[in-house]
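Novice: Sequence isn't available, so here's the structure alone:
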Ligand code: WT7
């Protein structure tokens with residue numbers, strides 16, 4: 001065993017065998033229903049993208065070039081000119097979609113809704129764009145945006161795009177400190193925010209946080225403040241201006257700036273759990289093309305689709321698949337302001353029923369919460385409008401996949417498990433729902449034209465079935481171009497491990513005998529037991545297969561003899577109680593399913609897991625807890641009390657107190 005696996009970057013021990021082929025019905029109506037696109041893209045991937053650019057982008061000046069690759073820097077369509085907001089708005093109105101709903105907005109307080117048509121959106125964007133110009137915002141500037149999920153958030157982003165300023169959206173759940181850091185990093189002079197936001201029935205003090213951030217970000221000169229709750233907020237005369245007062249005086253006409261294809265559209269910081277956040281720099285034409293084509297083909301978007309990406313606009317998922325992809329495709333979307341559990345756990349299903357949502361996209365972390373709450377919640381509503389489901393953000397455990405298939409998709413809707421990153425701009429590994437046979441837990445195959453490879457430590461391709469490092473060995477249009485004002489870190493982080501031609505994703509993966517990709521979690525999280533490198537994802541998915549387990553997280557704690565030992569944190573489903581017997585049973589269960597090497601040294605029960613605000617488990621903290629260390633930085637946690645509780649339980653269970 002030991003020598004046989006010595007060169008494997010990560011050991012792949014789990015195998016999932018269930019498959020789901022597209023139904024005849026779905027295939028018949030699908031935007032893409034045969035494999036020809038894969039062959040076309042492989043034959044000449046640059047030409048493949050160039051042809052799609054003609055279809056998906058309205059140019060002010062047609063490009064004569066496609067890709068220019070000077071590793072590790074790529075440009076796409078570099079002499080083309082366009083305006084991304086013009087494509088998302090004016091082009092849609094010109095095509096006859098002026099009266100079509102762009103966003104069905106649903107406020108968190110029940111009964112508050114608002115529909116915005118493409119025409120209305122164009123008007124709002126133009127007035128704010130004029131307002132921004134009146135504050136001195138010019139092409140090439142950076143503008144911060146710190147808001148909740150209100151329709152004015154996409155309006156603000158598009159207004160920036162219209163005048164050629166790069167937006168820097170900071171998720172409304174972040175603290176004043178995180179906001180200040182991102183404003184300082186990008187030198188934004190204007191910040192668009194709102195009085196307060198709604199979350200779980202409480203008000204979030206966005207303006208107050210923005211005021212605190214301003215103390216630490218001296219370049220911020222002007223605030224534009226939207227009234228949302230209408231409560232009084234602190235006010236700085238001369239610096240702050242109300243959104244409605246700013247746009248009141250503005251014309252509804254606003255010429256869209258002519259932008260080069262490679263001009264910066266936005267900066268967005270990666271959710272990074274440790275060091276200084278990295279400002280991924282995304283540009284205009286390649287990004288717009290990538291997100292539009294992937295949106296249309298992967299989610300099978302038709303003229304009458306009602307699309308709901310239930311992420312926050314503050315993440316890349318929202319940028320790409322709530323704002324730019326859907327609008328450039330002229331799609332009707334749902335935009336929901338609040339929490340999925342407010343006022344109760346059926347809120348999403350109520351919205352699906354009300355608007356007849358046909359495609360729904362969310363994260364495994366939320367699906368696992370739905371599993372925990374039980375199928376009675378979706379059962380309260382008519383979900384027959386749904387025809388496709390999607391997931392993103394983490395590997396989805398096969399058991400959660402099958403639950404999603406059964407109780408949400410009612411065994412009718414294909415599930416697209418989409419792998420990508422803030423840095424990649426859009427989806428890279430994914431099924432095409434009218435073509436690909438699905439396997440629960442696998443993101444399946446590369447999107448046409450994308451070339452992932454799984455390499456070992458030395459850069460050799462790993463044999464089929466073995467785990468290794470996921471890389472992408474060919475550029476794609478939506479890739480980030482660099483890190484904002486830190487090209488050295490761009491090269492160092494992503495293009496040094498395997499040289500400048502090969503993008504290093506930081507994820508572990510394996511490919512099965514059908515060539516399907518199975519994501520195995522971040523490389524930094526791999527657990528090393530006596531020289532065996534084990535995937536956290538495989539251990540967690542196995543635990544979740546057990547009837548008592550709702551959610552699980554595996555981490556490695558230092559062990560003097562074996563390098564690391566596996567400590568698992570487990571949340572139980574309703575009706576199951578923690579006990580020593582159950583812990584023992586779960587340890588045996590993993591040993592039996594994966595192998596003795598993966599038997600957890602300890603299984604600890606908790607009520608919750610430490611997660612970032614985007615829903616990713618912070619294994620670094622679990623490791624601190626498992627090792628009995630002082631806890632590291634907890635400021636990016638969604639709920640900091642969770643770790644104290646777990647720490648007490650762990651110290652007691654591991655005999656440290
Ligand atoms: C990391 C990127 C991309 C939008 C949301 C997250 C993990 C993402 C999947 C998937 C397995 C996934 C990876 C990746 N991830 N999608 N379908 N299967 N893992 O963006 O915050 O930049 O995180 O999320 O580890 O590297 P992000």
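Specialist: Arrived safely, thanks for sending. In this text the structure is predicted, and so the values were computed from the model without any measurement. Numbering: from 1, shown residues only.
Novice: Check the average confidence over the longest helix belonging to the chain, would you?
Specialist: When secondary structure is assigned using DSSP state H, the longest helix within the chain turns out to be helix 118-134. Helix 118-134 carries an average pLDDT of 98.
Novice: Quickly run through the sheet partners of the helix or strand just after it, with directions.
Specialist: As assigned by DSSP states H and E, the chain's next helix or strand after helix 118-134 is strand 142-146. In the sheet containing strand 142-146, its partner strands are strand 166-169 (parallel), strand 190-194 (parallel), by DSSP bridges.
Novice: Local confidence estimate at residue 12?
Specialist: The per-residue pLDDT reported for residue 12 equals 77.
Novice: What are the phi and psi values at it?
Specialist: phi -100, psi 120 (degrees, to the nearest 10).
Novice: mind listing what it touches?
Specialist: With contacts defined as CB atoms under 8 Å, 6 or more residues apart in numbering, residue 12 is in contact with 465-467, 510, 518, 520, 535, 538. (Glycine included, C-beta is placed from N, CA and C.)
Novice: Retrieve the pLDDT associated with residue 574.
Specialist: Model confidence at residue 574, given as pLDDT, is 86.
Novice: Please disregard the earlier target; I meant residue 649.
Specialist: Checking the pLDDT column for residue 649, the value is 83.
Novice: Enumerate every residue touching it.
Specialist: Neighbour list for residue 649: 604-606 [criterion: CB under 8 Å, 6+ apart].
Novice: Give the buried residues for the longest helix of the chain.
Specialist: Of the residues in helix 118-134, those with enough neighbours to count as buried (16 or more other CB atoms under 10 Å) are 118-133.
Novice: residue boundaries of the strands in the stretch 401-550 of the chain?
Specialist: For the stretch 401-550 of the chain, strands defined by DSSP state E, counting those that start in this stretch occupy the ranges 415-417, 452-455, 467-472, 482-483, 503-511, 517-522, 527-529, 532-534, 549-559.
Novice: if you average pLDDT over each of those strands, which comes out lowest?
Specialist: Per-stretch mean pLDDT for the strands of the stretch 401-550 of the chain is lowest at strand 532-534 (a mean of 85).
Novice: tell me which strands and helices it is in contact with?
Specialist: strand 527-529 (3 or more CB pairs under 8 Å, 6 or more residues apart in numbering; DSSP states H and E).
Novice: what comes up buried for the strand it packs on?
Specialist: Counting neighbours by 16+ other CB under 10 Å, strand 527-529 gives 527, 529 as buried.
Novice: What of stretch 590-608?
Specialist: Applying a neighbour-count criterion of 16+ other CB under 10 Å, one finds 590, 593-594, 597-606 buried in stretch 590-608.
Novice: Rounded mean pLDDT for stretch 602-616, please.
Specialist: Taken as a whole, stretch 602-616 carries a mean pLDDT of 88.
Novice: Give me the distance from that stretch to the chain's centre.
Specialist: In terms of CA atoms, centre = their mean, to the nearest Å, the gap separating the centre of stretch 602-616 from the centre of its chain is 19 Å.
Novice: can you give me the helices in the stretch 1-150 of the chain?
Specialist: The residue ranges that make up the helices of the stretch 1-150 of the chain, judged by DSSP state H, counting those that start in this stretch, are 24-29, 36-43, 45-56, 84-88, 90-92, 118-134.
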